[in-house]
Every structure is written in C-alpha cells, then in structure tokens.
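Engineer: coordinates only, no sequence provided:
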C-alpha cells in the first residue's frame, strides 16, 4: 500500500526523542495547546505531522522540577517522506547517487522495511528542523495568548516564536551510545591516525565533517613545509640569502594544496550525496524585517526591504566604521613599535638576562591585544551586519565574513608587513612572527576549548548532585540528559574555526621563509587542535543541527586570495634579499622591474595550475553528467506522457461537442 502523509501516525505515546524544545517559564496554556496541535496536525491541515510530548508526564511533574521542556520525534515512515521533501541524496543499488523518493525506496542501498538505521540520526534531526521551520501561519493573525506577536499568511511560526521569546531554544539531543563510539575512534586515544570523517558526518552532518576534513588535510599539507623548514632553521636560519629557495617552494605549495583540496572535497561530498543535492529556494533569515508585501518570485507574503536603503546603510555607516577600526588597529600597531624601540634601548643601555627576556614582552602584549581587538570587532561586525538587514542567510554570512577577514588580516599582518617592507628588519620580523603565531595558538586553545570544558564539567557535577538528591522512583536518565544539554553552550558554527586556520595559513604562506619553524608550530598546534575541537563538539557544546554542504563555501575563496597575496609578498622578500641585490648592485630600477615581471609570471603560472587541475576528478564529472542525462530523460518521458494524455482526451472532447 502506498504510504502518504495523511496515513502517517502522529499519536504514538512513546517514541525516540530527537529534538528538544524549551518554552519560556510563563508561557500560557492556550499557547502550548495551540503549538502542540500545529506540530502534530496533518500536513494538509497545515501541521508538521510530527510526534510531540512533554518531557515530564503529570506524575513526574509532581515529583521533579518542571522545566517547560518538550520532546519532538517522528515515525520512520514520516522521516522517510521528510527525506524526500528535503531532497536527501542516497546511494542506489547500482552505486549511483540519486535523490531519495519514498516510492523507489527499495532501490536504495541498505534500505529494508524493518531497518530504522537507513537515515542517520543527524539526517533525522535535520528533517525535523526543516519541518518545524516550515510550519507556517495560515489564517492566524497572532500567536494565541500573545496579541503583540503578529502573524501573517506564510510566516514561519517557529521563527516568530523564537524572536518573541515564547520558545527559548530548539536543539537536537545527543545519542549517548553513538557519541561514546565516536569519541573512542576520534580523540580519546592520542595517536597519529586519520580522523573518522564519515562517522563525524553521520553524527554531526556534512558542514562539521568538512571542517574536520579540511583541518586534517591542511595539517598533512603543512608537513612538507615543516620538514623542509626544520633543517633550514637549524643550519642556515641566520643566512637570509637562503630564504630565496624556501620562498620559491612556498609559492608552488600554497597553490597546489588548495587545488588538490577541491578534488578531495568533491570526492567526499559526492559520496555523501551533498554534491548532487539540489539547492532549495532560500527562505528569509529570521532577523530580516520590513514592510509586509508579496515576494515576486514565490508569490508568498513576506517582509520586503529596499535594497537601496540597505546599500545606504552599508556605504554610509558600515564602511566608515570598518575604516575607523582599521585606522585604530594601525594606531595600536605604532604604539607597539614605540614599545619595541623603548625596550631595545633599555636592553642596549643595561644588557642583562632580564632585559633579554624583556625584548619579547612587547610582542606578547601586542599578540594578546590583537586577540582582544579581534574579539571586540567580531561583535561589532555581527551587530552591523544584522542592522544592514540582509534578506538571505548567505548574504548575511558573506558580508560578515568580508568585514571580519579585512580587519583580522590588517590587525594580524600589518605589523609584519611594516617590519618587512618599511623597517626591513628581518631579525625583528622573525621574532614578531614567532611570538604572534605561538601566543595566538595558546590563547585560542585555552579560550575555545579548555576553559569552556572546565566550566562545563563544574556545571555537570552540580546538575548530577541536584538530580541524585531527588528522592523519586522515576527514571531520571532522560531528564538528567536533557537538563545537562539544555545548559550547554550553543555552537555558533565553523566561522571561528576556519578563521583560525585562515590566519595560520597567512602566517605560513606569507612570511615563513623568514621563520621556517612557522609550519612546524602550525602542525603541532593542529594535532592538538583536532582533539580540542573534537572535545568541544562532543562535550562542551549542544549538538548542532546537521547542515548539508558541498564545499567549505566562501572560505575557499578566502584561502585562494591569501595565496595570491603570498605570491606578491614572497616575490618582494626575494627582491629584498642580499643575494638578489648583489646581482644588481647599481640599477635598483631594473631589479624592481624584474621582480614585478617574475611576480606576474608566477601569478600567471598559479592561475594556469588552478585551471589545469580540475576541481572535480574525471570519474565524478562522468557520474554527474550521467545523473543530469537521466534527469533530462525522465523530464522528457514525463512531458511525452502528458502530451499523449492530452491527445487521448481531445477526440473524446470533439465527440461530445458533435453530439
């Protein structure tokens, strides 16, 4: 029998909870009842047709503390129909990747009618999130019990509930057993091994898995630089003439690793199905607001905001603010150089062990100040980008990334450029680079993982003592888990993680020829970063909702831009070397022209390499072309069927007209 949404059961009293919804403590009963009815109602009645129940039943509420917590789940058939609705791509028995459909479910690899593991838990939670976000207002003008929370046809109910503070959070639950298995193969045993990327993807989704895949790939890509840099540092690090060879290798390395990554990324995401997954029409982001109107593309009623007003906000407010912050960053940099001069003069006047150590203090202080400024600017950039009122989440992220990258690049690298090309002090450049790199790595490890983990452990112990103190016969296992997880921090995405790698890539590709140990320190940091980030994902933050991704997004462009800048920087450093200057003792103009010509030639070579190395391997291209051909053939067959049906009906219509 064909299963449709109208026949899917929504009345199961016991089900596997996948998502937790927390309501504000003072939410009215009529609001709770309305929300429950909308979640469990059938699709044709405007509901999500999901399973929904309170965390505590009536007896448990009298025994335990009521937290206004609710559990959301779905039947297996509902999840499979949801997988078709969101366009999940799965492997078929003929090894091809195709969009999943319920009608052809038996043609997919690993599917059985009694198999509840065909969809990963992360995919199930993504489906539930999608269904909750697509609960839309019909004829309601407001949320029952809250006249100030206005609604209009087509408005996402969940987004309105979140922005109104009626729903405080919605998050997916951890699977304790699956999480323990993942931890055992991931980070609990400190050994040099590949990460279980497919298992990470199965548990956290493609976006998180791609980050850890890129982190692993980038770490291994740094090893050749570290291997060459270590003996270089030990034997000829004071001979600056030799950095010409190292800079030349740097140019080729920074180009090739990014192109090879794109191919590896395509292999992974094809295997996961996200490379083939069709992108749905993007909905307005939750914070978007404007005058109510009709979207000319979808025909839906939604807020509209003039792009002209947005451009005014960007160019008249955001751009001047960013420029002001960049100026302030340069001002702080000049204070740092004044400190360097003062400490150096103090050391020369009274040379001792203490003054020798004091030489490193300005760089350490400046490195800490840079991290604080980056942190403060990040909050300002988020506020400004939100105030610009971008309609789409992708536009919001692109503008935020651009603001943050520009400031971080100048804040972290301006002093190094100044030392290299204005002061031309290679010894100070090496010292500053080493201090900035090592200090920033230590601070990031402590602030991102160790400190939150310590605070989380204290909170866990407090909650466990509280639950154990309850004298009750009720099974508190799930209750305790939800209480622990709801107080965890919310993982805000991979932005900060990619930013850290981006700055690290900059330190290595721009100036490592002067300090060859930069790559070695980056490798050591990344080996610990894998474990600290894994610990952070598994034990510090709530489990994030899975998000399908086919690439690392705008960060690919950011890394490629940095590699272009590294070509210019390394060519300039080569041109400044005594070895090259000795070839042109009299004509500096000729030297500059030759360096510029070489730089242009290398840039041309870089772009030729990028073009010559395909982004997708040949076998992936063939499979994608085959899928496109099948789609066109299916569409053609469908159109021919419609034409045949129309031709069949026309004679009957003519006969009826004749009678």
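Structural biologist: Received it, and whenever you're ready, just let me know what you need. Keep in mind it's a predicted model, so treat the numbers as computed, not measured.

Engineer: name all residues that make contact with residue 226.
Structural biologist: 519-520, 522-523 (C-beta atoms under 8 Å, 6 or more residues apart in numbering). In this view, the C-beta of every residue, glycine as well, is placed from N, C-alpha and C.

Engineer: 7 Å instead?
Structural biologist: 519-520, 523 (C-beta atoms under 7 Å, 6 or more residues apart in numbering).

Engineer: and the residues you listed, which is closest to residue 275?
Structural biologist: Closest approach to residue 275 among the contacts of residue 226 (C-beta to C-beta): residue 523, at 29.4 Å.

Engineer: which helix or strand contains the closest one?
Structural biologist: Using DSSP states H and E, the element containing residue 523 is helix 518-535.

Engineer: flag every buried residue along that helix.
Structural biologist: For helix 518-535, a neighbour-count test (16 or more other C-beta atoms under 10 Å) marks 518-526, 529-535 as buried.

Engineer: now stretch 40-59
Structural biologist: 40-41, 43, 46-56.

Engineer: same deal with stretch 588-598?
Structural biologist: 591, 595.

Engineer: try stretch 105-122
Structural biologist: By neighbour count on 16+ other C-beta under 10 Å, the buried set for stretch 105-122 is 105, 111, 118-122.

Engineer: of these, which belong to helices?
Structural biologist: Those of the buried residues of stretch 105-122 mapping onto helices are 121-122, per DSSP state H.

Engineer: need the buried residues of stretch 105-122 in CSV with pLDDT and distance to residue 193, can you?
Structural biologist: Putting the buried residues of stretch 105-122 into CSV (pLDDT from 0 to 100; distance: C-beta to C-beta, whole Å) gives the following:
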residue, pLDDT, distance to residue 193
105, 86, 36
111, 85, 32
118, 86, 29
119, 88, 28
120, 87, 23
121, 88, 24
122, 89, 23
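
Engineer: and residue 211, how many residues sit next to it?
Structural biologist: Residues lying near residue 211 (other C-beta atoms under 10 Å) number 22.

Engineer: list the backbone torsions phi and psi for the closest residue to it other than its chain neighbours.
Structural biologist: Nearest residue to residue 211 in three dimensions, chain neighbours excluded: residue 494, at 4.5 Å (C-beta to C-beta, 6 or more residues apart in numbering). Phi and psi for residue 494, reported as degrees, to the nearest 10, are phi -90, psi 10.

Engineer: so residue 494 is in contact with residue 210, correct?
Structural biologist: No. Checked against C-beta atoms under 7 Å, the pair residue 494 and residue 210 is beyond contact range at 8.2 Å.

Engineer: higher neighbour count, these two?
Structural biologist: residue 210 (27 against 23).

Engineer: who's in contact with that one?
Structural biologist: Per C-beta under 7 Å, 6+ apart, neighbours of residue 210: 265, 549, 552.

Engineer: turn the residues you listed into TSV, columns for pLDDT and secondary structure.
Structural biologist: Shown next, in TSV, are the contacts of residue 210 (pLDDT from 0 to 100; DSSP: H, G, I helix; E, B strand; the rest coil):
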residue	pLDDT	secondary structure
265	91	helix
549	87	coil
552	89	coil
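
Engineer: and the helices in the stretch 501-650 of the chain?
Structural biologist: Assignment of helices within the stretch 501-650 of the chain using DSSP state H, counting those that start in this stretch yields the ranges 518-535, 554-576, 578-581, 588-612, 618-658.

Engineer: nearest to residue 173, out of these?
Structural biologist: Residue 173 sits nearest to helix 518-535 of all those, at 19.1 Å, using C-beta to C-beta.

Engineer: that older thread, quick check: the residue nearest to residue 211 vs residue 505, distance?
Structural biologist: Applying C-beta to C-beta, to the nearest Å, the value for residue 494 to residue 505 is 15 Å.

Engineer: what do you get for residue 549?
Structural biologist: Using C-beta to C-beta, residue 549 is found at 20 Å from residue 505.

Engineer: same question, residue 53
Structural biologist: Distance from residue 53 to residue 505, counting by C-beta to C-beta: 48 Å.

Engineer: and residue 245, by the same measure?
Structural biologist: The value you get for residue 245 to residue 505, if C-beta to C-beta is used, is 21 Å.

Engineer: cool, residue 575 as well?
Structural biologist: In terms of C-beta to C-beta, residue 575 sits 23 Å off from residue 505.

Engineer: more neighbours: which of the two?
Structural biologist: Using other C-beta under 10 Å, the more surrounded residue of residue 575 and residue 505 is residue 505, with 22 against 19.

Engineer: tell me which residues touch that one, please.
Structural biologist: With C-beta under 7 Å, 6+ apart, residue 505 has these contacts: 559, 562.

Engineer: picking that back up, name the nearest of the contacts of residue 226 relative to residue 421.
Structural biologist: Within those, distances to residue 421 taken as C-beta to C-beta reach their minimum at residue 519, with 22.1 Å.

Engineer: what does stretch 27-43 rub up against?
Structural biologist: Applying C-beta under 7 Å, 6+ apart, the external contacts of stretch 27-43 come out as 5-6, 10, 23, 47-50, 52, 68, 72, 135, 143-146, 157, 166.
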